[in-house]
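Q: What shape does this take:
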Amino acid sequence: MGFDPNFVEHGKSLGQVVGSSIQYFSAPDDFNSGPSADPPNVAPIRNLPGPRTLPAGAVFKIALQYEGKDVSGAVFTYTERDNKNRHTWTIPVPPTGVSNAVRTPIIAFQLNIVGKSGGDKAIMRSGQGTITYSSSHSMTVVNKKPPSKGKTTAETANSVYSELPDGPSDTITQKFAVGSDKLGAFRR
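A: All right, here's what the predicted structure looks like:
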């Protein structure tokens, strides 16, 4: 999910948008359900507190959908406290034309607050918040990537994150900020 302060598609500026996509990087069925999907997975947002600025309390939510143990899609929602801007998309896995073989259980995941896809770097001036991970099954924090075909993101930012708690839980909360902004010792 993301915020683009000047989204351009087919040479036309759509202005400030929020959007979502699902990317899968394992040949031969690579895909990106990006913003130019049909229907588009972006929506304009209006009345922001400033250019390139999301309002305090904005929420990005991703809810995975399952068929058996395999991920069959995701529902993405962007909401502001006052509901001036609220948008929801459902993206199936796989997209049209891609084999169902790309469906798989989730064995591990990570969340990165970074620049937009394509290797961009986001330089943020301010901001902080909370990330909440929740599941109907217990999750356990690990400090290394488990064996998988997944790849590492090429995008970067000056975002930092608090350490995650030890032990299994169905809800895990983590703080994030820009640089070491007000939140003490963070790791990049």
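Q: quick one: Ala157 from Arg125, how far?
A: 12 Å (C-beta to C-beta, to the nearest Å). C-beta here means a position set from N, CA and C on the backbone, and glycine is covered the same way.
Q: Likewise for Thr104?
A: Separation of Thr104 from Arg125 (C-beta to C-beta): 38 Å.
Q: where's the closest residue to Arg52 other than its chain neighbours, which helix or strand?
A: The shortest distance from Arg52 to any non-neighbouring residue, by C-beta to C-beta, 6 or more residues apart in numbering, is to Pro5 (4.3 Å). Pro5 belongs to strand 2-9 when assigned by DSSP states H and E.
Q: Please pull up the helix or strand immediately following that strand.
A: That would be, after strand 2-9 and using DSSP H and E, strand 12-19.
Q: And for the helix or strand following that following strand, what's in contact with it?
A: Beyond strand 12-19 on the C-terminal side, the first helix or strand identified by DSSP H and E is strand 23-24. Here strand 23-24 makes contact (C-beta atoms under 8 Å, 6 or more residues apart in numbering) with 30-34, 93-94, 98, 102, 117.
Q: Restricted to helices, list those residues.
A: In helices, defined here by DSSP state H, there are no members of those.
Q: Are any of the residues you listed buried, and if so which?
A: Buried subset of the contacts of strand 23-24 (neighbour count, 16 or more other C-beta atoms under 10 Å): 31, 33-34, 93-94, 98, 102.
Q: Quick one: mean pLDDT over stretch 143-159.
A: Mean pLDDT, stretch 143-159: 77.
Q: The buried ones among the contacts of strand 23-24: which two are farthest apart?
A: Gly34 and Val102 (15.6 Å; C-beta to C-beta).
Q: can you list the domain ranges for this structure.
A: As recorded under automatic domain parsing, the domains making up the chain are 1-106, 108-188.
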